[in-house]
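Peer 1: I'll drop the sequence and a predicted model, then ask my questions.
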Amino acid sequence: MRLEGDDTPLTDACCHVLGMPHLCPSGLSENWLWKELGHRHWGLIAKAFGRAEAGFGPAGEPPVYAAFRRISLQGGDLGGVRENDALDVRSTVTYLSETRVVSRHVAACRDRLVADVEMSSVFVRRQAEGVNRSIARVRIEGRGHTMPAFGAMPAQPSGTGHVLSGHVTGVDERDLGTLVTEPCPHLDFNGAGLLYFSSFVAAVDRAEWHFLGKRSGLFTTRERRALFHANVELGDRLAVRMLASGDGAECRHRALLSTVDGRLLAEIATCRTKL
């Protein structure tokens, strides 16, 4: 992806001196990292389209947002950073079309990889004002350029099968149970009124803590993959069903997130290793 009339690749880089907002007891806060990279993803889109305001689309029409479809983290060494470390983050838009955007973010500390992240989003708009279940995918015509850097994009699944099965967790899964939570608008929803993608990941972490207890605190994320299908309304409850595998040296699980009436919202597969 390059800016129109400019031969410079569309990239962004920054450095964070890590303090309490960036950290958790096991090192870098993954929840903070997702929020930061989500913001950077949005900023690169706005830069590509020459817009800084919230939402895209014609004036007078409901805004168009970039909703995350897939996210992945690999090569994770979140437990390898401490307070006052300098975290360097370099972000690049690797694909841009009228419907989809993919960005890649590499976070490093002292020349050591902390996380290699890829994020894919689609443009969406509510078809009924204030109704999150009415969100539909849309195109932004006549803007941007197409430059796939890592080959063709993977095909989007047509159904709601367990498409992440085997990517992280393996085949010997055991059902740990289902945790039902109610997302809080002050904590879990973003400025567009949508349950933020990082809140889905946070719900899985809460379920892990619920089912594994103190053992969960011994691990740090090595790999995480998520596929998002739908969003929820304010007041909806979230059911997190957790299927786990692995041995004492690793914590592997796949979570199926749905509404309590069974509508699949997201699938998140996680691999953690001991600190």
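Peer 2: Looks like it came in fine.
Peer 1: dump the residue contacts of the residue nearest the centre of the chain.
Peer 2: For the chain, the residue nearest the mean C-alpha position is residue 71 (4.5 Å; C-alpha atoms, centre = their mean). By C-beta atoms under 8 Å, 6 or more residues apart in numbering, residue 71 lies in contact with 34, 117-120, 197, 224-226. Bear in mind the C-beta positions are built from the backbone N, C-alpha and C, glycine included.
Peer 1: can you do 7 Å?
Peer 2: 119, 197, 226 (C-beta atoms under 7 Å, 6 or more residues apart in numbering).
Peer 1: cool, residue 231 as well?
Peer 2: 132, 135, 194-195.
Peer 1: can you name the two of the residues you listed that are farthest apart?
Peer 2: 135 and 195 (11.2 Å; C-beta to C-beta).
Peer 1: and these two? which has more neighbours close in?
Peer 2: A count of neighbours by other C-beta atoms under 10 Å puts residue 195 above the other of residue 135 and residue 195, at 25 against 18.
Peer 1: wait, that one sits on residue 183?
Peer 2: Yes: using C-beta atoms under 7 Å, residue 195 is in contact with residue 183, at 5.6 Å.
Peer 1: can you give me the helices in the stretch 101-250 of the chain?
Peer 2: For the stretch 101-250 of the chain, applying DSSP state H, counting those that start in this stretch gives helices covering 197-212.
Peer 1: for it, which spans come out with low pLDDT?
Peer 2: 141-171 (pLDDT under 70).
Peer 1: Name the residues contacting each of residue 195 and residue 183.
Peer 2: 189, 232.
Peer 1: which residues are in contact with the strand or helix carrying residue 34?
Peer 2: Applying DSSP states H and E as the criterion places residue 34 in helix 30-48. With contact meaning C-beta under 7 Å, 6+ apart, helix 30-48 is reached by 1, 10, 12, 21-22, 52, 66, 78, 91, 93, 96, 101, 103, 105, 115, 117, 119, 121, 144, 197-198, 201-202, 221.
Peer 1: cool, stretch 199-209 as well?
Peer 2: Contacts of stretch 199-209 (C-beta under 7 Å, 6+ apart): 31, 34, 179, 181, 183, 188, 216, 226, 228, 238, 240, 242, 253, 255, 257, 266, 268, 270.
Peer 1: Any of those residues buried? List them.
Peer 2: Among the contacts of stretch 199-209, the ones that count as buried by 16 or more other C-beta atoms under 10 Å are 34, 179, 181, 183, 188, 216, 226, 228, 238, 240, 242, 253, 255, 257, 266, 268, 270.
Peer 1: Out of the contacts of residue 231, the closest to residue 174 would be?
Peer 2: The nearest member of those to residue 174, counting by C-beta to C-beta, is residue 195 at 27.8 Å.
Peer 1: give me every residue that touches the closest one.
Peer 2: Per C-beta under 7 Å, 6+ apart, neighbours of residue 195: 183, 188-189, 231-232.
Peer 1: hmm, which two among the residues you listed are most spread apart?
Peer 2: 188 and 231 (11.3 Å).
Peer 1: For the contacts of residue 195, give me TSV that also has distance to residue 16.
Peer 2: Listed next are the contacts of residue 195 as TSV, based on distance: C-beta to C-beta, whole Å:
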residue	distance to residue 16
183	27
188	23
189	25
231	29
232	31
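Peer 1: Who does residue 274 form a beta bridge with?
Peer 2: Taking DSSP bridges as the rule, residue 274 bridges to residue 219.
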